[in-house]
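Undergrad: just a sequence and a predicted model for now, questions to come.
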Amino acid sequence: MLDNETTTPSPGVTFVMPVLNERDYLQHAVESVLSQQVDGDAELVLALGPSTDGTTELAQKLAEADDRIRLVDNPAADIPVGLNAAIRAGRHDTIVRVDAHSELSPGYAARALETLARTGAANVGGVMHAEGRTPFQKAAAWAYNSPIGLGGGAYHGGAREGEAESAYLGVMRRSVLDEVGLFDETVRRGEDWELNLRIRQAGHLVWFDPALSVTYWPRESWLRLARQFRATGAWRGELVRRYGRRNGLRFFAPPALLANLVVAALIGLLQLTGVLSGIPSLIACLVYLPLAAYAVLVIVMALTPGRGFRERLWTLAVLPTMHLAWGWGFLGGVLRGARGTVDASRLGTRNTPLP
């Protein structure tokens with residue numbers, strides 16, 4: 001039964017999860033939520049997008065088996081729309097965001113609630129620990145967990161507890177969400193960063209606690225990974241258009257790498273055709289140095305011990321794919337806006353913005 005009505009929050013915990021085509025992951029994600037031990041009442045609200053793989057039927061089956069699970073409709077499939085629908089339908093005053101492609105560690109909710117109370121924060125997040133099953137997914141997970149892969153945000157492996165720019169997923173006070181206006185439904189990706197910016201601008205605290213851990217399962221193929229990162233980069237470019245330098249410097253590294261690659265290709269073509277020669281050509285060769293350093297870094301990362309041969313080979317493709325696809329999307333997002341850009345990585349050739 002779908003429930004899209006707004007409720008008045010009471011003490012307790014509402015877990016909210018947007019869902020689209022996640023049949024292979026949904027049950028494990030739901031089990032990780034329902035096994036959380038918290039004082040007081042708890043519920044899980046699933047925002048169901050238009051799945052085609054049997055996810056909706058599985059969600060309905062799970063809801064029939066456990067009355068803590070409630071369902072709301074998200075026909076547009078947008079993440080912020082689904083999250084807002086689930087939050088509005090939630091009965092409790094603490095909101096815990098969960099993704100269907102993730103699993104909460106034991107004790108996650110209890111620790112987060114203790115941290116909320118101890119720090120007075122409005123939103124608390126922890127570490128996104130990526131894992132994989134296949135050699136490709138393991139390579140992608142390794143890149144996620146490395147500061148080289150995703151730029152060193154605290155939730156990708158930070159060790160020091162403290163005030164943060166944003167929070168992965170997030171355990172949030174419903175009163176603060178209502179105050180700042182919930183998620184911005186015009187932001188299809190990066191919606192968590194944008195929400196946390198408004199939370200901080202309203203004078204509230206966003207907190208990082210490395211004791212909180214969430215297992216995340218990356219995309220299962222190269223093409224889906226590339227699509228995901230292009231869409232994510234495009235929306236970061238859109239956020240730069242909207243908020244300028246409030247975006248951290250690390251977000252500008254991938255487009256700088258791509259721009260360097262394009263300039264190097266043009267200079268190489270001019271050198272090969274003889275248009276550029278002599279001293280100017282030698283000076284122009286300096287453009288190759290950053291790319292050579294990057295190539296060495298990727299190779300060194302691929303040779304990191306303790307991983308299988310196929311996983312190492314995939315690392316040679318995964319890291320540049322993440323960076324260049326993200327950079328390409330970012331430049332497009334900055335120049336023309338993200339517009340209708342969505343993440344098409346969940347449904348093959350069909351568009352879907354869910355994570």
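TA: Sure thing, it's come through. All figures in this text were calculated on a predicted structure; none of them were measured in a lab.

Undergrad: need the mean per-residue confidence for the host helix or strand of residue 320.
TA: Using DSSP states H and E, residue 320 maps to helix 309-336. Helix 309-336 comes out with an average pLDDT of 95.

Undergrad: and the nearest residue to residue 263 once chain neighbours are set aside, what does it touch?
TA: Distances taken as Cβ to Cβ, 6 or more residues apart in numbering place residue 287 nearest to residue 263, at 5.6 Å, with adjacent residues excluded. Bear in mind the C-beta positions are built from the backbone N, C-alpha and C, glycine included. Shown in contact with residue 287 (Cβ atoms under 8 Å, 6 or more residues apart in numbering): 260, 263, 264, 267.

Undergrad: any idea how far the helix holding residue 320 is from the middle of the chain?
TA: With Cα atoms, centre = their mean, to the nearest Å as the basis, helix 309-336 stands 15 Å off its chain's centre.

Undergrad: now for it, which elements pack on it?
TA: When contacts are defined as 3 or more Cβ pairs under 8 Å, 6 or more residues apart in numbering; DSSP states H and E, helix 309-336 packs onto helix 135-145, helix 147-150, helix 222-243, helix 253-272, helix 288-302.

Undergrad: ok so, going back, taking the contacts of residue 287 together, which two end up most distant?
TA: Distance extremes for the contacts of residue 287: the farthest pair is 260 and 267 at 10.6 Å, using Cβ to Cβ.

Undergrad: shaky segments in this protein?
TA: For the chain, the stretches with pLDDT under 70 are 1-9, 151-159, 344-355.

Undergrad: if we go to 50?
TA: 1, 348-355 (pLDDT under 50).

Undergrad: relative to residue 263, how far out is the residue of it positioned farthest from its centre?
TA: In the chain, counting by Cα atoms, centre = their mean, residue 278 sits farthest out from the average C-alpha position, at 47.4 Å. Note on residue 278: its distance to residue 263, by Cβ to Cβ, to the nearest Å, is 19 Å.

Undergrad: distance between stretch 125-134 and the chain's centre?
TA: 11 Å.

Undergrad: can you pull the buried residues of it?
TA: 125, 126, 127, 128, 129, 130, 132 (16 or more other Cβ atoms under 10 Å).

Undergrad: I figured the fifth one hits residue 213, correct?
TA: Yes. Applying Cβ atoms under 8 Å as the test, residue 129 and residue 213 come out as touching, 5.4 Å apart.

Undergrad: now the end-to-end length of stretch 94-108.
TA: Start and end residues of stretch 94-108 are separated by 14 Å (Cα to Cα, to the nearest Å).

Undergrad: number of nearby residues for the closest residue to residue 246 other than its chain neighbours?
TA: Using Cβ to Cβ, 6+ apart and skipping the chain neighbours, the partner closest in space to residue 246 is residue 197 (6.3 Å). For residue 197, the neighbour count with other Cβ atoms under 10 Å is 21.

Undergrad: need the phi and psi values for residue 209.
TA: Per-residue torsions, residue 209: phi -120, psi 110 (degrees, to the nearest 10).

Undergrad: how near is it to residue 118?
TA: 9 Å.

Undergrad: between those two, which has more neighbouring residues?
TA: Each of residue 209 and residue 118 has its neighbours counted (other Cβ under 10 Å); residue 209 has more, 26 against 11.

Undergrad: please, which helix or strand holds the residue lying closest to the more buried one once chain neighbours are set aside?
TA: The shortest distance from residue 209 to any non-neighbouring residue, by Cβ to Cβ, 6+ apart, is to residue 115 (4.8 Å). Assessed by DSSP H and E, residue 115 sits inside helix 108-119.

Undergrad: pull out the buried positions in that helix.
TA: 108, 109, 111, 112, 113, 115, 116, 119.

Undergrad: columns distance to residue 43 on top of those residues, output as a markdown table?
TA: Output for those, formatted as a markdown table (distance: Cβ to Cβ, whole Å):
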| residue | distance to residue 43 |
| --- | --- |
| 108 | 16 |
| 109 | 12 |
| 111 | 19 |
| 112 | 16 |
| 113 | 15 |
| 115 | 21 |
| 116 | 18 |
| 119 | 25 |
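
Undergrad: from residue 339, how far off is residue 324?
TA: For residue 324, the distance to residue 339 - Cβ to Cβ - is 21 Å.

Undergrad: between these two, which is the more surrounded one?
TA: Remark: of residue 324 and residue 339, residue 324 carries more neighbours, 19 against 10, as counted by other Cβ under 10 Å.

Undergrad: how about the contacts made by that one?
TA: Here residue 324 is in contact with 254, 257, 258, 261 (criterion: Cβ under 8 Å, 6+ apart).

Undergrad: picking up where we left off before, tell me which of the buried residues of stretch 125-134 is nearest to residue 148?
TA: Of the buried residues of stretch 125-134, the one sitting nearest to residue 148 (Cβ to Cβ) turns out to be residue 130, at 13.5 Å.
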